[in-house]
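J.: have a look; sequence and predicted model below, questions after that.
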Protein chains: 2
Amino acid sequence: MTKKISVGLLGLGTVGSGVVKIVEEHQDKLQHQIGCPVEIKKALVRDLDKSRDTNLTKEKFTENVSDILHDPEIDVVIEVMGGVEETRDYLLTALQNKKHVVTANKDLMALYGSELLTVAADNKCDLFYEASVAGGIPILRGLVDGLSSDRITKMMGIVNGTTNFILTKMSNEGKAYDDVLAEAQKLGYAEADPTADVEGLDAARKMTILATLGFSMKVDLDDVKVEGITRVTEEDLQYSKQLGYTMKLIGYAHRDEEEIEVSVQPTLIANNHPLAGVNDEYNAVYVYGEAVGETMFYGPGAGSLPTATAVVSDLVGVMKNMRLGVNGSSAVAPQFPKQLKADEKVLSKYFLRLHVHDQVGAFSELTNLFSDQGVSLERIIQLPVKDSDLAEIVLVTHEASLGKYEKVLHAIEALPIVQEIKSSYRVEGDGSL
Amino acid sequence: MTKKISVGLLGLGTVGSGVVKIVEEHQDKLQHQIGCPVEIKKALVRDLDKSRDTNLTKEKFTENVSDILHDPEIDVVIEVMGGVEETRDYLLTALQNKKHVVTANKDLMALYGSELLTVAADNKCDLFYEASVAGGIPILRGLVDGLSSDRITKMMGIVNGTTNFILTKMSNEGKAYDDVLAEAQKLGYAEADPTADVEGLDAARKMTILATLGFSMKVDLDDVKVEGITRVTEEDLQYSKQLGYTMKLIGYAHRDEEEIEVSVQPTLIANNHPLAGVNDEYNAVYVYGEAVGETMFYGPGAGSLPTATAVVSDLVGVMKNMRLGVNGSSAVAPQFPKQLKADEKVLSKYFLRLHVHDQVGAFSELTNLFSDQGVSLERIIQLPVKDSDLAEIVLVTHEASLGKYEKVLHAIEALPIVQEIKSSYRVEGDGSL
């Protein structure tokens, strides 16, 4: 056993300084578990002179990544700098130099996870990435260890805190999207450029990682159907409530035999579903296993210390493996070839809101399009639109295939009485009031 | 690596037959993960001739435990028979014979966990017990691995499905305790003798295990202050609702510096707390870590297949360790000596309901007792009691020490105007409507 474990830190921003803090403050607990001290030996920074809120002394800073990647004393590289292409190169070099890697980088893992894990295994190195999905929630361990004996058939995740904060505020306070986004930016819950969050891309990357692990097949970002929250309106949220649902941006991954679907979409979740009560910036991942049934993992999805907790817990895993000499043996290669469901096999209930010209027979013309495709309706609301000759119609379907539902949508678009399709969302569960 | 891993099963009841089913149906997944087949070689039963709902063939049944404990081909013993003293002897023998052990037995682990873990380590054997707390929820791994870098300061668990079912039904349907208990017994959610569940003992055993792991000190069953749900009335539940709370049987474990408290008590949980929405027979464990903040693990707390999932996931852990030759190395001995908080350091808000004779000055006489002890009041409700000269008074205190609160209670009992203290509960959080 080594007398001390040395860590190189790539990046010293929010999460990086959290890692420094936890390693320092919880040193006793770490030592008790692994039997030797752990030290952050060097930290890669962009600017040596920038003042930082960390106890790490300045001599440990470096602007040269080689100081870390080629330091033979460094056992573990923790990557919390973000970015993809350059970061991938760094981590490949680290692994080739027999350094274990812990990363919080979902973008990297969604794109190059499979390659990095292979190189790690080839070099008998650990590559852990718990922090890449749902920050402080130990969901990847939950899937890989806790539910290792089960066959997981469904995962639904609220895996982006920014959009959950925005939808919660819009829903609870009746505010408009733009106003809440501005508030989220002010509070630090949304970036200056919020695109990756609000367009669902961030959630899609996390679902790629979850689906790959949960279904044991290599799922790519391109396999995920993505829709963000930018078109969600106050009206949609009002109708959700009225029907007994809560609107959430849901990452949805479903397996049917050996075919899967993965999507990220605004979804009406029935109020009695455990995900419906996950509010503000919190994350949660709901996992359905054939044997275990319903489970859910809830917690903070981001933030300096929560994310750093996951990073340092991974570091503990690496160090325990070092003590036992079994690094590089825990990753399990995908068991199945990837097969995506055809749209005819993607099943869901749907919410549809549209404006039609209020003419005799308009409503039956519309509903005929559903029955033509064999899509049946569960709930219908029709109201006049103020100061116009329009009627607003809100429909919730029974479960139907995406293929059929899209045919209905196309037919509706072509219908002369239809003025506009205002919105369409997935629906999960039966709304209760 | 062995060509096949052989398991001996002690007990073939609900959970045991679930284990057989999962090992059979998920054999492919298990083999993919561990690299060899796994077989249930023998199962200990009480009566060879009893007909059983399992695919295990009769030749594998035995009434003689030695057939398992002394079979050199058996690598792992899975204990799902329950019981304490005899079972302890069996597992000690199994461990001394170098067999790894997986158990779902909370009673055993609460009483003899420390001894068994020591013997396991001495024999380089694994002893895993994920299923002993909260059935299918991988909470022990969450504490030990997922949050290994953090300092856990608070755990609150809904860890008994029977009592949660009863309280949910009483609260939602306004039914009386006895009626709901009878219904729970009919549905199989409560035993014919429900004492261990409804008196809180089952939850206390689980909290002993959680507190030992979460706080890294050896907590004993005697350290847990226990109160069951048998005295919870419909009136108490109505007031809970009115004040913005939900009544739950909460296992509470709190650490303050290095002193701890552990209790199981009916508790009013603020409606905006994630535990408030955990209904019916579901379990959940809420964990607060200094760095990670709030997390919660939710799922089925009992049942054949959910519990068996946890058992077989532990078996996978044992088998992975066998492949790597590192069994017996994962348990971490407690880091701290146990120190219990004095009552003066146990802090909580409290709910108190009592009947007083409706006389001039009665109310101020009562509230003076609180101010005498420096306990301040947050909410007060006073109503006349029908057809009597009594008034019903409901109080919610601000946070106060248990020591002071109990002094107030004693003083109230001695007050002539007080007819009866009807109920008193812990309160967690601020009620919201």
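T.: Happy to help now that I have it.
J.: pLDDT weak spots in the stretch 301-433 of chain A?
T.: By pLDDT under 70, the weakly predicted segments of the stretch 301-433 of chain A are A:433.
J.: and it, which of its residues are near chain B?
T.: By Cβ under 8 Å from any Cβ of the partner chain, the residues of the stretch 301-433 of chain A that approach chain B are A:303, A:305-306, A:308-313, A:315-317, A:320, A:323-324, A:326, A:329-330, A:332, A:335. The way it works is simple: take the backbone N, C-alpha and C, and place the C-beta from them, glycine included.
J.: go ahead and build a ChimeraX selection from the buried members of these.
T.: ChimeraX command restricting these to the buried ones, with burial defined by 16 or more other Cβ atoms under 10 Å in any protein chain shown:
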select /A:303,305,306,308,309,310,311,312,313,315,316,317,320,323,324,326,329,330,332
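J.: for the nearest residue to A:Met207 once chain neighbours are set aside, grab the count of nearby residues.
T.: Excluding the flanking residues, the one nearest A:Met207 by Cβ to Cβ, 6 or more residues apart in numbering or on different chains is A:Gly251, at 3.9 Å. Neighbour count of A:Gly251, defined by other Cβ atoms under 10 Å in any protein chain shown: 30.
J.: quick check: A:Gly251 is in a helix.
T.: No - secondary structure of A:Gly251 (DSSP: H, G, I helix; E, B strand; the rest coil): strand, not part of a helix.
J.: okay, and the beta partners of it?
T.: In this entry, A:Gly251 is beta-bridged to A:Gly157, A:Val264, by DSSP bridges.
J.: is it true that it touches A:Val264?
T.: Yes - counting by Cβ atoms under 8 Å, A:Gly251 does reach A:Val264; the two are 4.9 Å apart.
J.: hey, what's in contact with both of the two?
T.: Contact criterion Cβ atoms under 8 Å, 6 or more residues apart in numbering or on different chains; residues shared by A:Gly251 and A:Val264: A:Ala203, A:Ala204, A:Met207.
J.: and the pLDDT for the second one?
T.: For A:Ala204, the pLDDT comes out at 98.
J.: element containing it, please.
T.: helix A:201-215 (DSSP states H and E).
J.: mind giving me the packing neighbours of that helix?
T.: helix A:106-122, helix A:139-141, strand A:152-158, strand A:224-226, strand A:245-256, strand A:259-270 (3 or more Cβ pairs under 8 Å, 6 or more residues apart in numbering or on different chains; DSSP states H and E).
J.: any idea how chain A splits into domains?
T.: Following automatic domain parsing, one finds the domains of chain A at A:5-135+A:304-324, A:139-299, A:343-428.
J.: quick one, which of the ones you listed gets closest to B:Leu69.
T.: For B:Leu69, the closest of those is domain A:139-299, at 23.9 Å, according to Cβ to Cβ.
J.: give the contact list for A:Ala190.
T.: A:Thr162, A:Phe165, A:Ile166, A:Leu181, A:Ala184, A:Asp197, A:Val198.
J.: number of residues surrounding the third one?
T.: Same thing as A:Ile166. Here the number of neighbours of A:Ile166 (other Cβ under 10 Å) works out to 28.
J.: residue ranges for the helices of the stretch 301-433 of chain A, please.
T.: Counting by DSSP state H, counting those that start in this stretch, the stretch 301-433 of chain A has helices at residues A:304-324, A:362-372, A:402-413.
J.: mind exporting the C-alpha coordinates of the second one to PDB?
T.: Included here for helix A:362-372 are C-alpha records, laid out as PDB according to Å, rounded to 0.1, in the frame of the first residue of the first chain:
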ATOM      1  CA  ALA A 362     -65.800  21.200 -36.400                       C
ATOM      2  CA  PHE A 363     -65.400  19.100 -33.300                       C
ATOM      3  CA  SER A 364     -66.600  15.800 -34.900                       C
ATOM      4  CA  GLU A 365     -64.400  16.500 -38.000                       C
ATOM      5  CA  LEU A 366     -61.500  16.700 -35.600                       C
ATOM      6  CA  THR A 367     -62.300  13.700 -33.500                       C
ATOM      7  CA  ASN A 368     -62.900  11.600 -36.600                       C
ATOM      8  CA  LEU A 369     -59.200  12.000 -37.400                       C
ATOM      9  CA  PHE A 370     -58.400  10.300 -34.100                       C
ATOM     10  CA  SER A 371     -60.800   7.400 -34.600                       C
ATOM     11  CA  ASP A 372     -59.500   7.000 -38.200                       C
END
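J.: show me how far it is from its chain's centre.
T.: In terms of Cα atoms, centre = their mean, to the nearest Å, the centre of helix A:362-372 is set 37 Å apart from its chain centre.
J.: wait, A:Glu392 touches A:Gln382, no?
T.: Yes - counting by Cβ under 8 Å, A:Glu392 does reach A:Gln382; the two are 7.1 Å apart.
J.: more neighbours: which of those two?
T.: A direct count of neighbours by other Cβ under 10 Å for A:Glu392 and A:Gln382 places A:Glu392 higher, at 20 against 14.
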